[in-house]
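*Asks:* Quick check, what structure comes out for this input:
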Amino acid sequence: ERVLLRREGVSLSRRLGLITVGLLAVGLTMGTLAMTVVLGVRLMATVDDELRSTAQRINGVSQELATTSPNNESYRDGLILLLFDASGKVLQVRLPHGAPDDAPMPDTASIDLTSPVPLTVLSATSHGPSWRVLSQPVVIQPGGIDGYVTVALSLQTVDATLSDFMARVVFVDAAIVAAGGLLAYGLVKRSLRSLREIERTAGAIAAGDLSQR
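*Replies:* Now for the predicted structure:
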């Protein structure tokens, strides 16, 4: 009976190989998650910087939002400007130039107009992208009604970038685990060759061949 290199029907080399593969998979998974979080934070910081820059550009000219063309021609695709009155009612929506009337929109009811920092809100439709929004108080008319202007930027590009990154990294991780498992199994099996010789010799002695050493 092979008891030195086997336990419960699993060879020692196979068990060591499986342990190596498991540790490698855990390490790569943790590394992938950490890289994804870091990438997501950096992408979101870029979005927030763009929101703040846009908010500064429109600060002080909010009256023009209610009187000029509804097409948001001076800002890039995916960015929407929303004008609210003091009660939170939407007065105007400025879509990117050439955007259709049924373009995805953020859920205006979930926007905290008083928040001084950018927030993430869901889409107005169930299948739409999430949005990053930044609101600031404004005076719609000089000496008139106070309101809020909200800059909203779709996170569709951010989500697509993260999904593509995850898909590529998972593929690479799987290839590394497979290659590492085969390499580890081969190295362990080679390293245990001397123990197999001892096992065979011990078996021969147990069978009565006392000439073995």
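*Asks:* Residue 54: neighbour count?
*Replies:* Residue 54 has 19 neighbours, counted by other C-beta atoms under 10 Å. To be clear about C-beta, it is placed using only N, CA and C from the backbone, and glycine gets the same treatment.
*Asks:* Low-confidence stretches in this protein?
*Replies:* Residue ranges of the chain with pLDDT under 70: 1-12, 59-78, 97-101, 140-145, 193, 195-196, 204, 208-210, 212-213.
*Asks:* the longest helix in it is where?
*Replies:* Counting by DSSP state H, the longest helix found in the chain is helix 12-58.
*Asks:* chain center to that helix, what's the gap?
*Replies:* Offset of helix 12-58 from its chain centre (C-alpha atoms, centre = their mean, to the nearest Å): 7 Å.
*Asks:* Kindly report the same for stretch 87-104.
*Replies:* Distance, centroid of stretch 87-104 to centroid of chain: 28 Å (C-alpha atoms, centre = their mean).
*Asks:* what's the first-to-last distance across that stretch?
*Replies:* One end of stretch 87-104 to the other measures 24 Å (C-alpha to C-alpha, to the nearest Å).
*Asks:* Any buried residues in it, and which?
*Replies:* Across stretch 87-104, burial judged by 16 or more other C-beta atoms under 10 Å covers 93-96, 104.
*Asks:* Could you pull out the strands in the chain for me?
*Replies:* 6-7, 10-11, 71-72, 79-85, 90-96, 119-121, 131-139, 146-154 (DSSP state E).
*Asks:* can you put those in CSV and add distance to residue 169?
*Replies:* Below are the strands of the chain laid out as CSV (distance: least, C-beta to C-beta, whole Å):
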stretch, distance to residue 169
strand 6-7, 35
strand 10-11, 31
strand 71-72, 35
strand 79-85, 29
strand 90-96, 32
strand 119-121, 23
strand 131-139, 24
strand 146-154, 24
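*Asks:* Pick the most buried one from those.
*Replies:* strand 146-154 (a mean of 22; mean count of other C-beta atoms under 10 Å).
*Asks:* Show me what it pairs with in its sheet, parallel or antiparallel.
*Replies:* If you go by DSSP bridges, strand 146-154 pairs up with strand 79-85 (antiparallel), strand 131-139 (antiparallel).
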